[in-house]
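Undergrad: The following comprises the amino acid sequence and a computationally predicted model.
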Amino acid sequence: MKLAVRALAGTRPILAAALALTLIAGGFAAWTGLGWYEASHDESAAYAVQRDRALAAAEQAVQNLNTLDHTKVDQGLDLWESSTTGDLHSQLVQGRAEFASQVKAAKTVTTARVLSGAVTELDDRAGRARVLVALRITVKAADDKSSEKDSRMLGELTRTGTHWKLSALGQAPVGGTASG
C-alpha cells in the first residue's frame, strides 16, 4: 500500500506541471484570438483599406489621363472618361471631339509612368480624397523624337459607389521662391 501511495505522489508534480502548461497555452490562445478579433474590427484598419484603394485608383487614373496614342484616340479618351467623375468628367466629354482631332493631327504618343503617390487628405465618410502623384511623361512625336518630363499632379477623388474616380486634376507647384 505504501508503494502505491509513493508512486501516486511522484506523478502529482508532473500532473501539476501539465495542468499549468495547459492553462498557460489556453490563456495565450485566448489573448491572441482577442487581439486578432480587435484588429480585424478596428476602424483604423478599415480607414487604411480605403486610403490604399483611393491611392491605387488615383495613381491609375492620373496615369490614364496622361497617356494617349494618336492611333487609338477613341480608346484612350474612353479610358479618360471612365476614370473621372463630376466637373472633370463633364469637361472631358464636352471637349472630346476637338481634343481628338488635335491629337490625331499632331500624331503624338504620350505615355505616363507613376513614380510615386500619396494621399494627402481622406474623408472616408464624405467619400472625398486628395492626392499627390509624381509621374514621368514621355511624348513621342511623329518624327520618332521623344522627350521626357517629370510632373507632379494634384488630384481630387470622389467615391462613386465602391470605386474612387478623379473629380479634379491639376499641376502641383514645383519648387518655391523665397520672398524678402
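TA: On my side now, so go ahead. Numbering: from 1, shown residues only.

Undergrad: chain center to stretch 97-109: distance?
TA: 31 Å (C-alpha atoms, centre = their mean, to the nearest Å).

Undergrad: now swap in stretch 133-140 and tell me
TA: For stretch 133-140, the separation from the chain centroid amounts to 19 Å (computed by C-alpha atoms, centre = their mean).

Undergrad: Could you pull out the buried residues of it?
TA: Val133, Ala134, Leu135, Ile137, Thr138, Val139, Lys140 (16 or more other C-beta atoms under 10 Å). No exception for glycine: its C-beta is placed from N, CA and C like everyone else's.

Undergrad: Nearest to Arg53 among those residues?
TA: Nearest to Arg53 among these is Val133, at 14.9 Å by C-beta to C-beta.

Undergrad: thinking that closest one is in contact with Leu157, fair?
TA: No: between Val133 and Leu157 there is no contact under C-beta atoms under 8 Å: 10.9 Å.

Undergrad: and for those two, which residues touch both?
TA: Ala58 (C-beta atoms under 8 Å, 6 or more residues apart in numbering).

Undergrad: Tell me which stretches of this protein form strands.
TA: Taking DSSP state E as the criterion, the chain carries its strands at 68-69, 109-123, 128-140, 146-160, 163-171.

Undergrad: Turn the ones you listed into JSON lines, columns for distance to Thr32.
TA: Listed next are those as JSON lines, based on distance: least, C-beta to C-beta, whole Å:
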{"stretch": "strand 68-69", "distance to Thr32": "52"}
{"stretch": "strand 109-123", "distance to Thr32": "31"}
{"stretch": "strand 128-140", "distance to Thr32": "34"}
{"stretch": "strand 146-160", "distance to Thr32": "35"}
{"stretch": "strand 163-171", "distance to Thr32": "34"}
